[in-house]
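# give me the fold of what follows.
(one chain, ligands or ions: 2)
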Amino acid sequence: MQIAARFTYSEMTVIKGSDLFVAALANEGVERIFGIPGEENLDLVESIRQSSIQLVLTRHEQAAAFMAATYGRLTGKPGVCITTLGPGALNLTTGAAYALLGAMPMIMITGQKGILSSRQARFQIVDIVAAMKPLTKVSRQIVSATMIPTLVREAFRVALEERPGPVHLELPEDIAAEKSESVPLVRPHTAELPLAGSASLDRAAQMIVDAKRPLLMLGAAASRPRSTSDLAQFVLRTRIPYFTTQMGKGTVPGGTELYMGTAALSERDYVHEAIERADLIVTIGHDTVEKPPFIMGANGPQVIHVGYQPANVEQVYFPHTEVIGDLGPSLKLLADRIEGRIPNAQALLPLREGILKRIAARNTEDRFTPQRIVHDIREIMPPDGILALDNGMYKIWFARNYRTRIANTLLLDNALATMGAGLPSAMMAAMLYPNRRVMAVCGDGGFMMNSQELETAVRLKLNLVVLILVDGAYGMIRWKQAVDKFPDFGMTFANPDFVKYAEAYSARGTRVDDVAQLKPVLERAFADGGVHLVTVPIDYSENERVLVEELRQRLPVI
Ligand SMILES: Cc1ncc(C[n+]2csc(CCOP(=O)(O)OP(=O)(O)O)c2C)c(N)n1
Ligand SMILES: [Mg+2]
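Ligands and ions are numbered 1, 2, ... in the order given. This is a model prediction of the structure:
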């Protein structure tokens, strides 16, 4: 009988620590655990085997953490990953930071040698609880089986609480094997967040009504699965044009005629024409982990911060007033106060066409420019298709040029901005949404940081296209080096034959050499199903021409 079924809230039986742990996970609705066990986890693995929870093996713990974090990002429920002690646990650290900075709920479970006796001295012992402290919301060791139900429930509560993030639990092997009795599980309950207070709503409403040139900005927290629908309503009811941060893209379905662009750069881009002219910016769900979408200065616009949490005060972000509370319902209350009463709501809208036109310029040229690649991919991805980006130069181009109409259809990391997460995050999306098109877009540098997960993707029978943008270099750093007038040095490498590499994993591989072939090859890759690697050479001369030369000529509005 399955553990979850065997162990109910009221039952009082003698049970092993690991059984209790897995029952507590099932009690939280956990369906999958990602990771690589070690010998210290074997009791837990046996308990998982007897449960309804699926163990998803990866080929590196980092990828397991990226997948679990992405599960949290996409579902709003914590993703769970598991590793052994010391070396395995340390491999989770980048994933922990990814979830912490990206506000993705995640539970990390690591093993440890027995703590009641020490039969292997210090072999493999690293203080993982301490190592995880700065990378998590909470990091704890479990020292008795009877505490498991409480600690697991508390871990999930903390991981989910705004601002969401990772929690680490260390389960030593002797505690996992320990027998305990009579420990009921703690039943999770729904917890509504408080709404914004009426004084703050009235103040914000007055500022919006009085504004001459208002603008909305949707930030990272606007993409939380719980926020997205009410948010769109706010934009549609106020009719104020909006721009997004990189991680706030896609949060206003149906509001595209009010979309002014995405701030992929902090200043000087075309979208900043609107930002510079605004006298009031209402930021919704802005999280200052993101590279600043605009830089506040002494003489800049008034800023209203609407968020789950108060704004951090930064050199570049210090809002003048705040509306703090559950985002969706609080925005509804704000819209109730101002709908139809904002005389200048659309003052900045006339700039829209010019901004979007210049951003889309040259996107059908017969070269593998970033603009062309973004354009072609957009054409073959349906509105609910999901692109998951790794980190490299192309991220700026996708953030700037790729239009999204549905939240979380462009998964990018503008928080830790780590290389190596593109493939695992795409794999997670493909697992969750088997009927949607999912594509990972990676540089030739970042892809190789977790390329071993192709085996996992093939084993899991995922339908996934992985597009590799080949420039034989750590292109983004090479570009910065050139912009800063350093000589070209130390940034190039050789690549494996990616087609053969794909085939070695029993995936398919295609090299595209002719730009006209990109769309048909991608279409065919999706139609074929399975895991398909496609490579294209990318022409990064546009970085200099557009992002440096062209934008330098666009002087900011004073
Ligand atoms: C784990 C990690 N290491 C290093 C960096 C710094 N970094 C940012 S982008 C980049 C180059 C990415 O190269 P590639 O994946 O080939 O993409 P490209 O820019 O060439 O398109 C580097 C080294 C990082 N963000 N993350
Ligand atoms: Mg590269």
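
# just so I have it, where are all the helices in the stretch 251-400 of the chain?
All helices of the stretch 251-400 of the chain, identified by DSSP state H, counting those that start in this stretch, fall at 271-277, 327-338, 352-359, 370-380, 394-401.

# most remote residue from this structure's center?
Distance to the chain centre peaks in the chain at Arg119, reaching 41.5 Å (criterion: Cα atoms, centre = their mean).

# over to Thr510. Which of the three states is it?
Classification of Thr510 using DSSP: H, G, I helix; E, B strand; the rest coil returns strand.

# beta partners of it?
Val534 (DSSP bridges).

# report pLDDT for it.
For Thr510, the model assigns a pLDDT of 98.

# burial measure for it, as a count.
18 (other Cβ atoms under 10 Å). Using the backbone N, CA and C atoms, a C-beta is placed for each residue, glycine as well.

# now it: how far from ligand 2?
Thr510 sits 19 Å away from ligand 2, going by Cβ to the ion, to the nearest Å.

# thought that residue was touching Ala525?
Yes: contact criterion Cβ atoms under 8 Å: Thr510 and Ala525 qualify, at 6.9 Å.

# which residues are in contact with each of these two?
Residues touching both Thr510 and Ala525 by Cβ atoms under 8 Å, 6 or more residues apart in numbering: 532, 534.

# ok, now which ones touch Gly35?
In this structure, Gly35 makes contact with 55-58, 61, 64, 81-83, 88, 109, judged by Cβ under 8 Å, 6+ apart.

# rewinding a little: gap between the residue farthest from the centre of the chain and ligand 1?
Remark: distance between Arg119 and ligand 1 (Cβ to the nearest ligand atom, to the nearest Å) = 37 Å.

# and the pLDDT at that residue?
pLDDT at Arg119 comes out at 75.

# surely it is within a strand?
No: Arg119: not assigned to a strand; according to three-state DSSP it is coil.

# how close does it sit to Lys113?
8 Å (Cβ to Cβ, to the nearest Å).

# can you check Met491 too?
To Lys113, Met491 is 42 Å away according to Cβ to Cβ.

# how close does the residue farthest from the centre of the chain get to ligand 2?
Here the criterion is Cβ to the ion. By it, Arg119 lies 48 Å from ligand 2.

# contacts only, for that residue.
By Cβ under 8 Å, 6+ apart, no residues touch Arg119.

# ramachandran angles for it?
Phi and psi for Arg119, reported as degrees, to the nearest 10, are phi -90, psi -10.

# what's across from the closest residue to ligand 2 within the stretch 301-450 of the chain in the sheet?
Nearest residue of the stretch 301-450 of the chain to ligand 2 (Cβ to the ion) works out as Gly443 at 3.8 Å. Beta-bridge partners of Gly443, counted by DSSP bridges, are Leu469.

# for ligand 2, see how far away Arg73 is.
25 Å.

# looking at it, that residue is touching Ala407, isn't it?
No: the pair Arg73 / Ala407 is not scored as a contact, 10.8 Å apart, by Cβ under 8 Å.

# of the two, who's got more company?
Arg73 (27 against 23).

# for that one, give its distance to Arg224.
Separation of Arg73 from Arg224 (Cβ to Cβ) stands at 9 Å.

# again, but for Thr492
Counting by Cβ to Cβ, the gap from Thr492 to Arg224 is 40 Å.

# those two: which is more packed in?
Neighbour count, other Cβ under 10 Å: between Thr492 and Arg224, Arg224 has more, with 24 against 12.

# for the stretch 101-250 of the chain, what spans make up the strands?
106-112, 138-141, 166-172, 179-181, 214-218, 242-244 (DSSP state E, counting those that start in this stretch).

# quick one: these as JSON lines, columns for distance to ligand 2 too.
Formatted as JSON lines, these follow (distance: least, Cβ to the ion, whole Å):
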{"stretch": "strand 106-112", "distance to ligand 2": "28"}
{"stretch": "strand 138-141", "distance to ligand 2": "35"}
{"stretch": "strand 166-172", "distance to ligand 2": "29"}
{"stretch": "strand 179-181", "distance to ligand 2": "53"}
{"stretch": "strand 214-218", "distance to ligand 2": "30"}
{"stretch": "strand 242-244", "distance to ligand 2": "26"}
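
# rank those strands by mean pLDDT and give me the bottom one.
Among those, strand 179-181 carries the lowest mean pLDDT, a mean of 87.

# mind giving me the packing neighbours of that strand?
On a contact count with 3 or more Cβ pairs under 8 Å, 6 or more residues apart in numbering; DSSP states H and E, strand 179-181 meets strand 14-16, helix 17-27.

# at 7 Å instead, please
Contact here means 3 or more Cβ pairs under 7 Å, 6 or more residues apart in numbering; DSSP states H and E; on that basis strand 179-181 packs against strand 14-16.
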